[in-house]
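[1] Fold the following, please.
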Amino acid sequence: MLALTHLPSPHMGDGLRTHVARTPIDNDLALRQHALYCAMLRECGAEVRTLDVNRALPDCTFIEDTAIVLDEVAILTSMGHAARRAELPGIARELVPYRPLCRIELPATIEGGDVLRVGRTLLVGLSQRTNLEGARALEAIVGRYGYRVHAVPVQECLHLKTACTALPDQCLLLNPSWLDLSALGDFEKIAVVASEPWAANTLTVGNSVCISSEHVATADLVRRRGFNVRTIHLSEFTKAEGCVTCLSLLLAN
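    Numbering: from 1, shown residues only. Here you go, the predicted model:
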C-alpha cells in the first residue's frame, strides 16, 4: 500500500473551521506530529510519500479531501469550499502515475472525507461540503467498475468520516448523533463511547486500526473486537478539524 501525505502548511492556523473554535496552532509541533503519523503508517506496512506541492495553502495537509482513490481509478473531487480548490491541480499531477484520473465538476461538490468505502459500496455523506449532485456524479463514474453509491445525510460535523468509519470486518464505528442511522441499511454498527464523540474516525492500514490517542475508551472497544490498535497524538490537527483519515490518501498496490 502507498500512502500519499502532505506536509502541514505554516499557515494552517488560517485554514477553514466549521464545527470547532479557532485556537492557535503550534506549527513546529504539527510538523513533529505529522512525521510521527508518517512513521506510524510505515510501521503498519505502508510506503509513504510526503508531498510539498501546496504548502502555501492552509488546509493542504488534509489531502484525503482532494481525491477518491479506488483500485481501478482516482477521482479528483470538486471541493465543497472554494478556498480549497487551488489544491487540486498539484494533487492531480501526483496521482497520474498511479491511476487513470477522472474529475467531478461543479456545481456538483464532493470531498474525500465524505466517501467511505465498505467493500464494493461507497457511503457518501451529504454534508456542508458534499451535495447530492456530487454523490450522483461519483455514482456515474464508479458504477462502471461495479461499485454502488449510497447517500448518508450528515449533521453537526464536517464529513461522513468524522461520524463513521469502517473497521476491518466492515462493521461501522459511528457517532449516532451525527448521521442518519436509517440510511446505513444492514451494516453492523457499533457506537463510540459517548464521552468521545470524535472517536469514530479511524484509519485501517494493513492489519492495524489507527485512532487518535485521546480516544482511550473507544480504542479499547476496538481492541476488544480483536484488532491491533495504534494510537497517535494529533492535537494540532484536531484544532484544525482534522482526524487520522484526513492526513493521507491510501492507494492499494
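[2] residue ranges with poor pLDDT in the chain?
    For the chain, no stretch has pLDDT under 70.
[3] Which elements pack onto the longest helix seen in it?
    Secondary structure of the chain per DSSP state H: the longest helix is helix 27-43. Judged by 3 or more C-beta pairs under 8 Å, 6 or more residues apart in numbering; DSSP states H and E, helix 27-43 is in contact with strand 2-6, strand 47-51, strand 228-232, helix 235-238. For the C-beta atoms, the positions are set from N, CA and C on the backbone; glycine is no exception.
[4] Now Thr77: closest residue in space that isn't a chain neighbour?
    In space, Thr77 comes closest to Ile110 once its chain neighbours are excluded; the distance is 5.1 Å by C-beta to C-beta, 6 or more residues apart in numbering.
[5] Contact partners for the one you found?
    Taking C-beta atoms under 8 Å, 6 or more residues apart in numbering, we find Ile110 in contact with 68, 77-78, 80, 104, 124, 129-131, 134-135, 137-138.
[6] ok, so of those, who is nearest Leu7?
    Thr77 (20.3 Å; C-beta to C-beta).
[7] Can you tell me how far that closest one is from His34?
    Counting by C-beta to C-beta, to the nearest Å, the separation of Thr77 from His34 is 22 Å.
[8] So between these two, which is more surrounded?
    Applying other C-beta atoms under 10 Å to Thr77 and His34 shows that Thr77 carries more neighbours, namely 30 against 20.
[9] and the more buried one, what does it touch?
    65-68, 88, 104, 110-112, 134.
[10] At which residues are the helices of this structure located?
    27-43, 88-95, 132-142, 160-163, 216-224, 235-238.
[11] List just the one of those that sits closest to Val118.
    helix 160-163 (11.4 Å).
[12] Which strands or helices does the closest one pack on?
    So helix 160-163, by 3+ C-beta pairs under 8 Å, 6+ apart, packs with strand 115-118, strand 121-126.
[13] now the strands: where do they sit in the stretch 51-200 of the chain?
    Ranges of strands in the stretch 51-200 of the chain, per DSSP state E, counting those that start in this stretch, are 67-69, 74-76, 101-103, 115-118, 121-126, 148-153, 164-166, 172-174, 189-191.
[14] Could you export these as a markdown table, including mean neighbour count and distance to Pro10?
    Formatted as a markdown table, the strands of the stretch 51-200 of the chain follow (neighbours: other C-beta atoms under 10 Å; distance: least, C-beta to C-beta, whole Å):
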| stretch | mean neighbour count | distance to Pro10 |
| --- | --- | --- |
| strand 67-69 | 24 | 24 |
| strand 74-76 | 22 | 25 |
| strand 101-103 | 15 | 29 |
| strand 115-118 | 21 | 29 |
| strand 121-126 | 23 | 30 |
| strand 148-153 | 18 | 35 |
| strand 164-166 | 25 | 29 |
| strand 172-174 | 22 | 33 |
| strand 189-191 | 15 | 38 |
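[15] can you redo the ones you listed as a markdown table with distance to Ala46?
    As requested, the strands of the stretch 51-200 of the chain are exported to a markdown table (distance: least, C-beta to C-beta, whole Å):
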| stretch | distance to Ala46 |
| --- | --- |
| strand 67-69 | 13 |
| strand 74-76 | 17 |
| strand 101-103 | 21 |
| strand 115-118 | 17 |
| strand 121-126 | 22 |
| strand 148-153 | 26 |
| strand 164-166 | 17 |
| strand 172-174 | 21 |
| strand 189-191 | 25 |
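[16] And for Arg223, the neighbour number?
    Neighbours of Arg223 (other C-beta under 10 Å): 12.
[17] pretty sure it is touching Ala217, no?
    No - at 10.7 Å, Arg223 does not count as touching Ala217 under the criterion of C-beta atoms under 8 Å.
[18] what's the residue nearest to Ser78 when sequence neighbours are not counted in contact with, if anything?
    When the adjacent residues along the chain are set aside, Ser78 lies closest to Ile104, with 4.6 Å between them (C-beta to C-beta, 6+ apart). Residues near Ile104 by C-beta under 8 Å, 6+ apart: 75-78, 110, 134, 137-138, 141.
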